[in-house]
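1. Based on what follows, work out the 3D shape:
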Amino acid sequence: MTGDTDTDKTRTIKIISGDITTLDVDAIVNAANEALLPGGGVCGAIHRAAGPELAHACRALAPCPTGHARITPGFGLKAKHVIHTVGPVWHGGNQGEADLLASCYRNSILLALENKLASVAFPAISTGIFGYPEDQAAKIALSTIRDLTGELPRMPQIYLCCFSPSARQHLETACNQFR
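-> As a prediction, the model looks like this:
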């Protein structure tokens, strides 16, 4: 992890740069497809790093509707678990995409708490091949996590893991708008 940035006084949210598949956390979040099959982007990278056991475990949990989340062991990853969530495909923003993306973050965090996980790392869900604009996705991620922080008695440590400089830039910009 490089370039940690705390986003609030409670240290619940940290923006980091790096490869999510290398993180030593309780869970990493997979930006999955509904069939939970190995794909491209972060999904493919997670499946490759975890090994073939991950695909086998995912088959038993599929399908996963958009906005929902499922959990598996991490297998060959440093992370103990993988939380799979299916983000929305961007269709211009008028088909409920924002609510579905917020549900991805909310349901992943609730699943982490249900499984007593202390730390969770998220990629920029839906911003790759699903085409969600990075700036809007960053605002939704941060606002959803902050809303949950106010609603829930406890929260896991959240890492927002940026693979690209642009993803980090959008998260930091959104973070500054919430201060």
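
2. Just to check, Ala79 is in contact with Ile28?
-> Yes: with the criterion set as Cβ atoms under 8 Å, Ala79 and Ile28 qualify as a contacting pair; they are 4.4 Å apart. Placement of C-beta: from N, CA and C, glycine included.

3. Quick check: neighbours shared by the two?
-> Counting by Cβ atoms under 8 Å, 6 or more residues apart in numbering, the residues touching both Ala79 and Ile28 are Ala121.

4. Spatially nearest residue to Leu77, not counting backbone neighbours?
-> Ala50 (5.0 Å; Cβ to Cβ, 6 or more residues apart in numbering).

5. And for that neighbour, the neighbour number?
-> For Ala50, the number of neighbouring residues by other Cβ atoms under 10 Å comes to 24.

6. Would you confirm that Cys43 belongs to a helix?
-> Yes: assigned with DSSP: H, G, I helix; E, B strand; the rest coil, Cys43 falls within a helix.

7. coming back round to it: run through the residues that contact the residue nearest to Leu77.
-> Applying Cβ under 8 Å, 6+ apart, the residues near Ala50 are 21, 74-77, 82.

8. Can you tell me which helix or strand of the protein has the lowest average pLDDT?
-> Per-element confidence for the chain was summarised using mean pLDDT, DSSP states H and E. The lowest value among helices and strands belongs to strand 2-6, with a mean of 45.

9. I'd like the next helix or strand past it.
-> strand 13-17 (DSSP states H and E).

10. Tell me what the residue most central in space within the chain is bridged to.
-> Relative to the mean C-alpha position of the chain, the nearest C-alpha, by Cα atoms, centre = their mean, is the one of Phe122, at 2.8 Å. In this entry, Phe122 is beta-bridged to Leu160, by DSSP bridges.
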